[in-house]
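Chemist: here is a sequence with its predicted model. Questions after.
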Amino acid sequence: MQYQNISNGSLFANTSVDMLMSSTVLGLCFVLGVPGNLAVMVMLTQHLEGSFTPKLMLSLAVSDLLSLIFLPVWIYALLNGWIFGRGLCKLFSYVVYWSLYSSVLSVTLLSVQRYLQVLYTQRWAKLGGKGQKGLIFGIWISSGALASYALYHRSVEWKKDGRLHCYQDYRNSKEKIAVLLVETLVLCIVPLFSLFCFYLRLHRRISQSASFSSHRLTKLAVRIVVVFFIFSTPCMINNIIVMVSWNSEGNNVTGALFFINSCVNPFLYAFSARALRSKSSQCSDQPQQNQNETE
């Protein structure tokens, strides 16, 4: 994903419209997403006992907040150049990549968790509290490892516009394609495919139920998939274009759009948490009924 060009020059960097659109999108994401994720974090801390879903949503809110909290720095760098040094270029880039990977993996795990909890309740219950904590811990460790290339590739150099830029410095085309391919697979293709498959099965299962909370959960699941698809697809297409066009650079606007996921997530998952708490309550009150439904 070429969101790194938010902070650097590209073929479009001299276009004021591109800069204005990118900075506006990032500014809106910061203004709406930061307080939204903070509010969700406060709300979820009151519902962490017992259920795994609020814990996973809290992890998602933290990762979304981390991806948004440094946006003012990137907006300033987009409009004025990078003035914060090579060390902060690497550090800030790593934190943003880490949080983005964590956010996407959390969304993917949430789809898996919903699928197993609704269709295979007893199997999910066998995982236990330690296993659930291990899954969340594994998300952050895996995300940190996936984002580690930012510490190596990020660099600061003067560009043709006479300003310093924090940018992704590849040694050759093969290295560039390899990084973009991993980003496209992990951040876009695999999550989209997983969300589609798991939620399709989930929709078929709960559509057979007359439960109001089940139908409500279906609608929320569809919204999550649609929002993720809308704002991640432009980045996926942009990455594919960059990989095919060897000398091409990423578009600032498509990179900025990816951050909208982190901005919208707290609103979607706030309602989702309410629906799932209702569903979990029914499951705990009627364990035998749920066991029969899963067989």
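Modeler: Thanks, I have it. Numbers count the residues shown, from 1 in each chain.
Chemist: which residue ranges form the helices in the stretch 101-250 of the chain?
Modeler: Along the stretch 101-250 of the chain, counting by DSSP state H, counting those that start in this stretch, helices occupy 121-125, 128-146, 149-153, 173-184, 190-206, 212-244.
Chemist: redo those helices as TSV? Include distance to residue 114, mean neighbour count and mean pLDDT.
Modeler: C-beta here means a position set from N, CA and C on the backbone, and glycine is covered the same way. Formatted as TSV, those follow (distance: least, Cβ to Cβ, whole Å; neighbours: other Cβ atoms under 10 Å; pLDDT from 0 to 100):
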stretch	distance to residue 114	mean neighbour count	mean pLDDT
helix 121-125	10	15	80
helix 128-146	13	14	90
helix 149-153	31	16	88
helix 173-184	25	16	85
helix 190-206	6	16	77
helix 212-244	7	18	70
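Chemist: any regions of the stretch 1-150 of the chain where pLDDT drops low?
Modeler: 1-16, 47-48, 50 (pLDDT under 70).
Chemist: residue contacts, residue 70?
Modeler: 92, 95, 96 (Cβ atoms under 8 Å, 6 or more residues apart in numbering).
Chemist: for it, phi and psi?
Modeler: phi -100, psi 10 (degrees, to the nearest 10).
Chemist: just residue 147 next, same as before
Modeler: phi -90, psi 0.
Chemist: neighbours of it, how many?
Modeler: Counted with other Cβ atoms under 10 Å, residues neighbouring residue 147 total 19.
Chemist: ok, it - contacts?
Modeler: Going by Cβ under 8 Å, 6+ apart, residue 147 touches 94, 97, 98, 100, 101.
Chemist: where does the first one fall, secondary structure wise?
Modeler: In other words, residue 94. helix 85-119 (DSSP states H and E).
Chemist: and the angle from that helix to helix 173-184?
Modeler: 40 degrees (axes from the mean of the first three to the mean of the last three Cα atoms, to 10 degrees).
Chemist: quick check: buried residues in helix 85-119?
Modeler: Neighbour-count burial for helix 85-119, counted by 16 or more other Cβ atoms under 10 Å, picks out 88-111, 113-119.
Chemist: chain center to it: distance?
Modeler: Here the centre of helix 85-119 is set off from its chain's centre by 5 Å, with Cα atoms, centre = their mean, to the nearest Å.
Chemist: what angle do that helix and helix 128-146 make?
Modeler: In terms of direction (the same axes, to 10 degrees), helix 85-119 departs from helix 128-146 by 150 degrees.
Chemist: does residue 135 really touch residue 112, like I thought?
Modeler: No - contact between residue 135 and residue 112 fails when scored by Cβ atoms under 8 Å: they sit 9.1 Å apart.
Chemist: got any residues that touch both of those two?
Modeler: With Cβ under 8 Å, 6+ apart, residue 135 and residue 112 have no common neighbours.
Chemist: what's the spacing between residue 76 and residue 68?
Modeler: According to Cβ to Cβ, to the nearest Å, residue 76 stands 15 Å off from residue 68.
Chemist: what about these two, which has more around it?
Modeler: Using other Cβ under 10 Å as the criterion, residue 76 and residue 68 rank with residue 68 on top: 23 against 15.
Chemist: show me the contacts for that one.
Modeler: 29, 30, 33, 34, 37, 259, 262, 263 are the contacts of residue 68 under Cβ under 8 Å, 6+ apart.
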